[in-house]
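In: here's a sequence, model it:
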Amino acid sequence: MDCTRSPELLFPFPRNLGVLPQELIVLTKVVDHLKAKRVVEFGTAEGRTALNIALHLPPGGEIITLDLPPVPGQNEVGFFYWDQPAKTRIKQIFASVDSWDYRPYRASAELVFCDACDRMPGLPRKPIRLFPWSSRVASSCATTTVLPRGPRDSGNGSPANFPYSRLRAP
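Out: Have a look, this model is predicted:
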């Protein structure tokens with residue numbers, strides 16, 4: 001993966017608790033490197049991450065982004081991508097992790113990204129249960145690493161034979 005240049009980012013500066021610009025850079029580089037046709041994101045918020053990932057998907061690629069339904073007057077889920085051409089590559093789903101019917105997407109995501117998964121107890125385990133077959137899971141959780149259950153490598157505690165990326169703020 002070539003990390004000598006930063007990709008162009010739309011809306012690079014986050015709101016409070018948002019994905020940092022350097023995290024967006026790494027995420028888009030990972031999407032480029034993997035040539036990921038499908039990415040699943042848990043936590044849409046304003047849609048900044050979804051939009052930037054969508055811009056780096058190969059032709060025919062899509063990002064499925066999951067968030068709770070918006071609360072009128074309080075939040076506007078996905079507003080950064082509403083008027084963007086890349087919106088056609090973004091599939092917004094309004095549901096909780098527990099109620100979302102993930103079966104149509106099973107065995108199809110090259111990358112699963114869980115944002116702010118340290119904010120709700122138990123959330124880090126839920127995406128893993130939903131996507132136990134995914135070969136890569138990325139997390140921008142400051143305090144939680146998203147890892148699947150299963151045999152552990154005795155050397156470092158990470159799952160045996162499981163390639164994953166952990167994205168953290170410096």
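In: what is the neighbour count of residue 52?
Out: By other CB atoms under 10 Å, the residues close to residue 52 number 26. Using the backbone N, CA and C atoms, a C-beta is placed for each residue, glycine as well.
In: now do the SS call for it.
Out: Look at residue 52: counting by DSSP: H, G, I helix; E, B strand; the rest coil, its state is helix.
In: for it, give me the pLDDT.
Out: pLDDT, residue 52: 96.
In: can you tell me how far residue 2 sits from residue 65?
Out: Distance of residue 2 to residue 65, given as CB to CB, to the nearest Å: 27 Å.
In: quick one, which of those two is more surrounded?
Out: More crowded of residue 2 and residue 65, by other CB under 10 Å: residue 65, with 28 against 7.
In: quick check: bridge partners of the more buried one?
Out: Beta-bridge pairing of residue 65 under DSSP bridges involves residue 41, residue 92.
In: who's in contact with it?
Out: Contacts for residue 65 (CB atoms under 8 Å, 6 or more residues apart in numbering) come out as 40-41, 43-44, 47, 50, 78, 90-93.
In: how about the lengthiest helix in the chain: buried residues?
Out: As assigned by DSSP state H, the longest helix anywhere in the chain is helix 21-34. For helix 21-34, a neighbour-count test (16 or more other CB atoms under 10 Å) marks 23-31, 34 as buried.
In: now stretch 74-88
Out: Those would be 77-78, 80-81, 84, 86-87, for stretch 74-88 by 16+ other CB under 10 Å.
In: from these, pick the one nearest residue 55.
Out: The nearest member of the buried residues of stretch 74-88 to residue 55, counting by CB to CB, is residue 86 at 5.2 Å.
In: can you count the residues close to the residue nearest to the closest one when sequence neighbours are not counted?
Out: Among residues not flanking residue 86 along the chain, residue 54 sits closest, at 4.1 Å (CB to CB, 6 or more residues apart in numbering). Counted by other CB under 10 Å, the residues lying close to residue 54 total 26.
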